[in-house]
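**Q** here's a sequence, model it:
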Amino acid sequence: MASVSSVEIIPLPLGLFSVPGREIAKFPGVVVCAYLVRAPGTTLLFDTGIVGDEEAVARYRPRWFPLDEQLAAHGVSLGEVDVVVNCHLHADHAGGNHLFPRTPIVVQEAEVAAADDAGYTVREAVAEFPGATFVRVSGRYAVAEQLLVVPTRGHSPGHQSLLVDGTPDGTVLLAGQAFDSASELASAVLARQLGAGVHDSTAPDWVDELMDLDIDVALFAHDLAQWRPPAASFVGSRVRDAWPA
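**A** Next up is the predicted model:
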């Protein structure tokens with residue numbers, strides 16, 4: 001995508017939730033983060049935060065900031081969001097969809113189909129609220145000139161990420177939960193280099209496609225750290241295992 005003018009990406013940390021079994025002090029909870037994107041002529045929100053039914057709240061003990069207050073801190077009201085992109089329809093990513101009646105919500109067709117299953121999400125908040133307006137897409141979809149949805153399947157049937165061109169940091173991938181953390185993506189990129197094109201279960205097949213897009217930064221829904229390409233080049237072509245020849 002050709003850069004037209006600068007695009008601003010603002011992280012919106014929306015809360016934390018606990019995962020049963022992770023009772024370790026260094027892991028206080030799983031981060032939930034959305035992103036506000038200001039592009040020429042378009043104000044976009046990537047993910048809408050967390051919601052839970054009674055059972056989920058008791059199990060995961062979420063704590064969150066109201067989305068409207070987080071947006072207001074950056075001078076944006078709910079009604080000023082032109083388009084929403086959900087990476088997928090789980091309730092910790094699309095739980096605030098009901099705050100956007102009649103606002104276009106871009107989601108993969110496969111994800112809409114998956115969300116029909118009971119227990120997949122909190123449907124009354126995510127998908128069945130009055131005024132719900134889904135833009136169902138299959139594959140890549142240009143939301144605006146500098147904003148491109150790209151499928152990153154794996155975590156869910158219709159998981160998608162958003163490629164944002166023209167930021168001060170270059171080309172940014174809003175990766176959602178394609179990876180849980182920056183270190184997971186770093187491992188996948190290294191596996192791609194070591195695999196030399198051979199399939200490796202630690203590197204999903206779409207990693208090759210994404211890396212060919214020359215991403216400068218990746219941001220995540222469950223990690224406030226950033227991924228950037230390694231500063232050093234991979235020198236040489238030989239890849240060896242750990243055993244002596």
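**Q** can you report phi and psi for H98?
**A** Note on H98: backbone dihedrals following degrees, to the nearest 10 are phi -60, psi -10.
**Q** what does Q160 give?
**A** Reported as degrees, to the nearest 10, the phi and psi values for Q160 are phi -140, psi 160.
**Q** also V207?
**A** phi -60, psi -40.
**Q** before we move on, what about M211?
**A** phi -70, psi -30.
**Q** with the one 10 residues further on instead?
**A** Backbone geometry at A221, expressed as degrees, to the nearest 10, gives phi -80, psi -30.
**Q** tell me the contacts of it?
**A** Residues near A221 by Cβ atoms under 8 Å, 6 or more residues apart in numbering: 31-34, 47, 87, 93, 175-177. (C-beta placed from N, C-alpha, C; glycine too.)
**Q** one more: V135?
**A** For V135, the contacting residues are 83, 104-107, 141, by Cβ under 8 Å, 6+ apart.
**Q** D223: which of the contacts of A221 is nearest?
**A** Of all the contacts of A221, D223 sits closest to V31, with 6.3 Å by Cβ to Cβ.
**Q** the closest one: which element?
**A** V31 belongs to strand 30-39 when elements are defined using DSSP states H and E.
**Q** cool, and A186?
**A** Taking DSSP H and E as the criterion, A186 maps to helix 182-195.
**Q** in that helix, what's buried?
**A** In terms of neighbour count (16 or more other Cβ atoms under 10 Å), helix 182-195 has its buried residues at 182, 184-186, 188-189, 191-192.
**Q** and for stretch 114-124?
**A** Neighbour counts using 16+ other Cβ under 10 Å place 114-115, 120-123 of stretch 114-124 among the buried residues.
**Q** also stretch 32-42?
**A** For stretch 32-42, by 16+ other Cβ under 10 Å, it's 32-39, 42.
**Q** before we move on, what about stretch 142-156?
**A** By neighbour count with 16+ other Cβ under 10 Å, stretch 142-156 contains the buried residues 143-153, 155-156.
**Q** just curious, which of those is nearest to A218?
**A** Scanning those for proximity to A218, where the rule is Cβ to Cβ, the winner is T152, at 10.6 Å.
**Q** tell me the contacts of that closest one?
**A** Taking Cβ under 8 Å, 6+ apart, one finds 159-161, 175-176, 178, 204, 206, 210 in contact with T152.
**Q** next step: those restricted to helices.
**A** 206, 210 (DSSP state H).
**Q** pLDDT for the contacts of T152 - can I get that in CSV?
**A** Output for these, formatted as CSV (pLDDT from 0 to 100):
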residue, pLDDT
H159, 93
Q160, 95
S161, 96
A175, 94
G176, 95
A178, 92
P204, 68
W206, 73
L210, 72
